[in-house]
Each structure stands twice: as structure tokens, then as C-alpha cells.
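**Student:** have a look; sequence and predicted model below, questions after that.
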Amino acid sequence: MMWLAVLCAVAGAFFLAFGAQRQGSAVQNNTGGLALGGSGFVRLLRNPRWVLGLLLLGAGTLLNVVALTLGTLTVIQPIGAIALVITTVVNSRDQGIRLNRATVVSITACVAGSALFVLMAVSVVRENTHVDATQELTVVMLLAAVVIVFGGCLVLFKHRLKAFFYILGAGVLFGFVAVLTRIIAKQIFDHNGLFLLNVQWYSILAIAVAGGLGSWFVQSAYASGPPDLVIAGLTVIDPMVGVAIGIVILGELRDDVPPVVAIAMAGAALLAIVGVIALSRHHPDVVKQRKAAKKEQRK
């Protein structure tokens with residue numbers, strides 16, 4: 001089952017990559033790099049490129065749900081890093097961007113760190129972990145705190161927020177969405193045969209709020225940053241949040257994990273995170289925007 005879950009996650013990453021690129025370019029053309037507003041979002045609903053991206057993202061999300069149902073968060077979530085490579089290549093060709101060396105190194109660090117983490121995690125996770133009511137409620141309460149923090153920043157500092165804030169917020173929120181998706185999927189397919197009656201109302205509410213706010217953050221990030229930078233943040237921050245919850249709260253790791261493996265997994269995760277930070281500083285689009293901002297200040 002675990003390797004079938006991995007295959008679904010890989011296929012989902014392809015759909016998510018192409019969907020993100022289509023939506024990212026549509027939002028950029030629609031807003032011109034300005035903040036996304038309500039009227040701008042309505043215009044996007046009539047944009048064929050954006051709608052195609054939405055359909056591709058839907059297919060990728062469905063495959064990821066299947067993967068999370070069959071596998072574990074610790075293994076499945078980091079596989080999304082594959083989408084980073086695809087999005088970067090497709091976007092660079094679509095926009096005529098020449099990738100600099102720092103960008104290539106950053107992307108390599110993101111993907112290598114995520115891949116190494118997955119390869120090590122496959123051998124040290126419990127495949128059939130049961131989530132009890134206390135663990136589920138703990139996840140929901142943590143998510144409520146996260147929504148209050150990011151939602152509050154959005155209300156108070158909306159006009160001063162940069163792309164990285166939206167990327168960070170979306171990554172954290174979708175990390176919780178992935179955790180709740182796995183919990184709900186396990187409840188629906190529980191052997192007791194109660195299906196939807198097993199699902200708690202507060203988990204449904206939590207996943208709806210996190211998914212809605214996270215989606216708004218993603219579209220806002222597209223408006224002020226390149227799609228491959230957005231994907232880089234999501235495919236590293238999202239998995240790391242999901243994996244951290246899976247390990248600390250849901251107990252997905254076995255008790256007999258060798259210290260060397262644990263340290264190596266932490267090192268791989270750190271490598272991926274450093275890659276995202278470097279990409280946010282050295283991506284050609286980011287460098288171009290920084291230079292343009294300096295020219296405006298000198299005038």
C-alpha cells in the first residue's frame with residue numbers, strides 16, 4: 001500500500017505543478033504584480049487559463065488525498081517537492097526567464113533534501129497509525145491558533161505584506177489541511193462501517209477554514225511572486241508542518257528509530273528549508289523586482 005501511495009503522490013505532484021504554473025501566470029497577468037482584491041478574483045473566475053489551472057490542481061489534490069489515505073504523512077508529504085522542478089522548468093520557458101546558478105542550486109537543495117527525507121522515512125514509519133479523539137482535537141486547536149495569527153496579520157498589515165508571508169502562511173495552513181485530510185479519510189474508511197458518522201464536525205469546519213484562507217494566500221502569493229517560488233514554499237513548508245504533526249502528535253515514527261537516521265532526516269529537512277530561503281532571495285524574478293524597487297527609491 002505504501003508504494004501505491006507514493007505513486008499517487010508523484011502523479012499528484014505533476015498535476016499540481018502544471019496547475020500552479022497556469023494559475024500563477026494568469027494571476028500575474030490579471031493583477032500586474034499588485035495585491036489581489038475581490039474584483040480581481042472575480043475576473044480570474046472568467047479566465048480560461050486560471051480555470052484550467054484550478055482543474056489540474058483539483059486532480060492533483062484528489063490524487064494526494066488518495067495517497068494520504070493509503071500512506072502516512074511522514075512519507076507522502078515531502079514527495080510534493082517534485083512539483084518544484086516541473087513548475088520551475090515550465091514557468092521559465094513560458095515567461096522566457098533564464099535561470100541563474102543560485103536558483104538552480106536552491107531548487108536542487110529543495111528537491112534533494114525532500115527526496116532524502118522520504119527515502120529514510122519509508123523505513124521508519126508505522127503504516128497503520130490510529131488517530132484518537134485527543135490527538136484530533138489537539139490538531140484542530142493548534143490550527144485555530146495558526147488561523148488567528150495569520151488571519152490577524154492579514155487584517156492588520158494587508159498592504160505591507162510580501163510574497164514570502166503569503167507563502168509561509170499557505171504552507172503552514174495546507175500542512176494542517178493535509179493532516180486533517182488523512183484523519184478524515186481514515187475515519188470515513190474505518191472498519192466499523194459508520195463512514196461519515198465517524199467524522200467530527202469541528203474537523204470539517206477546521207479543514208474548510210484552513211483550505212479557504214490558504215487558497216487566498218496562494219493566490220495573493222501568485223500576484224506578488226513567481227509561481228515556482230510559491231511552489232517551493234508550499235512543497236517544503238507544507239510537508240514539514242505535516243511531518244512535524246505526524247511525528248509529534250500522531251506518533252507516526254516507530255519507537256526504535258536509530259539516532260543516526262533521525263539526525264539524517266533532520267539534516268535533510270534543514271537542507272530543503274535552506275533551499276527555499278535561498279530561492280526566495282536569488283530567483284530571477286525576485287532579483288528583478290528588488291532592482292526595480294531600488295530604482296524607484298532613487299527617483
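**Tutor:** Received it, and whenever you're ready, just let me know what you need.
**Student:** for the stretch 151-299 of the chain, which residues score under the pLDDT cut-off?
**Tutor:** Under the criterion of pLDDT under 70, the regions of the stretch 151-299 of the chain flagged as low confidence span 224-226, 228, 285-290, 292-299.
**Student:** one more pass at 50, please.
**Tutor:** Filtered on pLDDT under 50, the stretch 151-299 of the chain yields no residues whatsoever.
**Student:** the lengthiest helix in the chain - contacts with which helices or strands?
**Tutor:** For the chain, the helix reaching the highest residue count under DSSP state H is reported as helix 2-31. With contacts taken as 3 or more CB pairs under 8 Å, 6 or more residues apart in numbering; DSSP states H and E, helix 2-31 sits against helix 38-44, helix 48-70, helix 73-76, helix 82-95, helix 201-224, helix 227-248. In short, each C-beta sits where N, CA and C put it, glycine included.
**Student:** with distance to Ala112 and mean neighbour count as added columns, please give those in TSV.
**Tutor:** Rendered in TSV, the data for the helices and strands packed on helix 2-31 read as follows (distance: least, CB to CB, whole Å; neighbours: other CB atoms under 10 Å):
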stretch	distance to Ala112	mean neighbour count
helix 38-44	34	13
helix 48-70	21	19
helix 73-76	17	28
helix 82-95	11	20
helix 201-224	24	20
helix 227-248	12	26
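**Student:** next up, the contacts around the spatially most central residue of the chain.
**Tutor:** Among the residues of the chain, Leu234 comes closest to the average C-alpha position under CA atoms, centre = their mean, at 2.9 Å. The neighbourhood of Leu234, defined by CB atoms under 8 Å, 6 or more residues apart in numbering, consists of Gly80, Ile167, Ala170, Gly171, Phe174, Val218.
**Student:** so the fourth one, which of the three states?
**Tutor:** It stands for Gly171. Three-state assignment for Gly171 (DSSP: H, G, I helix; E, B strand; the rest coil): helix.
**Student:** give me the below-cutoff pLDDT ranges for the stretch 1-150 of the chain.
**Tutor:** 33-34.
**Student:** at 90 what do you get?
**Tutor:** Flagging of the stretch 1-150 of the chain using pLDDT under 90 yields the residue ranges 1-10, 12-54, 57-58, 60-133.
**Student:** quick one: closest of the helices and strands packed on helix 2-31 to Gly267.
**Tutor:** The closest of the helices and strands packed on helix 2-31 to Gly267 is helix 227-248. By CB to CB, the value is 13.2 Å.
**Student:** which of the residues in the helix or strand that comes right after the closest one are buried?
**Tutor:** On the C-terminal side of helix 227-248, the nearest following helix or strand under DSSP states H and E is helix 259-282. Residues 265, 268-269, 271-273, 275-280, 282 are the ones in helix 259-282 that count as buried (16 or more other CB atoms under 10 Å).
**Student:** any chance of JSON lines for those residues, columns distance to Gly212?
**Tutor:** Putting those into JSON lines (distance: CB to CB, whole Å) gives the following:
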{"residue": "Met265", "distance to Gly212": "32"}
{"residue": "Ala268", "distance to Gly212": "32"}
{"residue": "Ala269", "distance to Gly212": "28"}
{"residue": "Leu271", "distance to Gly212": "32"}
{"residue": "Ala272", "distance to Gly212": "27"}
{"residue": "Ile273", "distance to Gly212": "26"}
{"residue": "Gly275", "distance to Gly212": "29"}
{"residue": "Val276", "distance to Gly212": "24"}
{"residue": "Ile277", "distance to Gly212": "27"}
{"residue": "Ala278", "distance to Gly212": "31"}
{"residue": "Leu279", "distance to Gly212": "27"}
{"residue": "Ser280", "distance to Gly212": "25"}
{"residue": "His282", "distance to Gly212": "32"}
